[in-house]
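K.L.:
Sequence below, structure please.
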Amino acid sequence: MIFGKIDFLNLLPFHVFIKRYARSTRYQQTLHYHKGVPSALNREFAMRRIDAAFISSITAKNCRHFGVGIVAQREVLSVLSLPNADKSDADSATSNLLSKILDINGEVLIGDKALRYYYSGGEHSDLGKVWNERTGHPFVFALLCTHYHTDELKRLSHAFISKKVKIPYYILMEASRRSGLSPAQITHYLKFISYKVGIQEEKGFKRFVKEAKKRGLNPSLGKIRY
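P.N.:
Okay, the predicted model is just below:
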C-alpha cells in the first residue's frame, strides 16, 4: 500500500501508531510512504497514485473510510485567519473554503506555521472555534480514505481509535526540532485534535457541505460513508 503522509503535527499520534501497527502486521513489508501537503495529496489520491491518505474534506467525494479523520471539536489552533489582506494558503483547500463560508476576511494560515504564529501571540481568528460557535458542531478537516484496500484500512482505522496513542519522548523532541515548537506546546496543541468521526462529526461535515452549496462554492464533496 502506498500511503500519503502529511508531516503536520496534527497527525503525529497517527504516525506513531502506524509504525507500531506495521511492525505487528504484514504492513511492514508492504507499506510505502508518499509525502506531501494536503492539497498535493488530494491530487495524488484523485489520480490514484497513492492508495490511502488523509484527504481534505472538500475533495473526499465518495471516499471509502471507516470513521477516522482530523477533527476540531472547538478551537483547532492550527487553522487561522490573520488580519491581513485576503490570501489563501496553498497547502489546504478545505481551510480556504471554510474561511469563505464563515465570511472571515484575511490571510489563511494552516499547519505548523500557523501554530508558530499562534504561540507567538499574534492576532488571529481560529476558524475551528468560529465554526463551532456558529453551528454547534465539530469541524472535520480531513478523512482517512482509501481506493482499494478497504479491509486493511478498516482494521487499521478501528485499531487507531480504540486506544490512546502515547508519543515517545524522543519522537516529541524530534518533532520539536523540526517544527520550531517546544514539546510542551506540541502536547498542548494535540489536546485540541481528535480523530474519531462519529454522529456529531458527521453532522458537522454535512453542515459544511450544505453551507458550501448554499453559497455557490460548489466543492467536490460527498457524503460520509462507513
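K.L.:
Tell me where this structure is predicted with low confidence.
P.N.:
24-37, 61-62, 85-92, 217-226 (pLDDT under 70).
K.L.:
Helices of that one, residue ranges please.
P.N.:
12-23, 27-30, 38-46, 93-101, 111-119, 127-135, 150-162, 169-179, 183-190, 199-214 (DSSP state H).
K.L.:
measure Glu211 to Asn105 for me?
P.N.:
17 Å (C-beta to C-beta, to the nearest Å). C-beta coordinates here come from the backbone N, C-alpha and C atoms, glycine included.
K.L.:
could you point out the longest strand in this structure?
P.N.:
Counting residues, the longest strand in the chain under DSSP state E turns out to be strand 139-146.
K.L.:
nearest to Arg64, of the helices of the chain?
P.N.:
Set against Arg64 and scored by C-beta to C-beta, these come closest in helix 150-162, at 5.6 Å.
K.L.:
which residues touch that closest one?
P.N.:
In this structure, residues lying in contact with helix 150-162 by C-beta atoms under 8 Å, 6 or more residues apart in numbering are 1, 14, 17-18, 21, 27, 52, 64-68, 144, 146, 195-196.
K.L.:
Report the buried residues of that helix.
P.N.:
152-154, 156-157, 160-161 (16 or more other C-beta atoms under 10 Å).
K.L.:
Over to stretch 115-129?
P.N.:
Using 16+ other C-beta under 10 Å as the test for burial, stretch 115-129 gives 115-119, 124-129.
K.L.:
can you tell me which two in these are farthest apart?
P.N.:
Arg116 and Lys129 (18.5 Å).
K.L.:
re earlier: which of Glu211 and Asn105 has more neighbours?
P.N.:
Glu211 (18 against 14; other C-beta atoms under 10 Å).
K.L.:
so what's that one closest to, chain neighbours aside?
P.N.:
Ile101 (4.8 Å; C-beta to C-beta, 6 or more residues apart in numbering).
K.L.:
and that neighbour, what is it in contact with?
P.N.:
Shown in contact with Ile101 (C-beta under 8 Å, 6+ apart): 208, 211-212, 215, 217.
K.L.:
deepest of the helices of the chain, which one?
P.N.:
Mean neighbour count (mean count of other C-beta atoms under 10 Å) peaks for helix 93-101 among the helices of the chain, with a mean of 22.
K.L.:
so how far is Thr150 from the residue most central in space within the chain?
P.N.:
Among the residues of the chain, the one closest to the centroid is Ile70, at 3.8 Å (C-alpha atoms, centre = their mean). As defined by C-beta to C-beta, Ile70 lies at a distance of 20 Å from Thr150.
K.L.:
cool, and Ala46?
P.N.:
Ala46 is 18 Å from Thr150, by C-beta to C-beta.
K.L.:
related to what we said a few turns ago, please produce TSV containing the buried residues of helix 150-162, extended by distance to Val140.
P.N.:
Shown next, in TSV, are the buried residues of helix 150-162 (distance: C-beta to C-beta, whole Å):
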residue	distance to Val140
Glu152	22
Leu153	17
Lys154	18
Leu156	19
Ser157	14
Phe160	16
Ile161	14
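K.L.:
quick check, nearest of those residues to Leu172?
P.N.:
Distance to Leu172, by C-beta to C-beta, is smallest for Phe160 among the buried residues of helix 150-162, at 18.8 Å.
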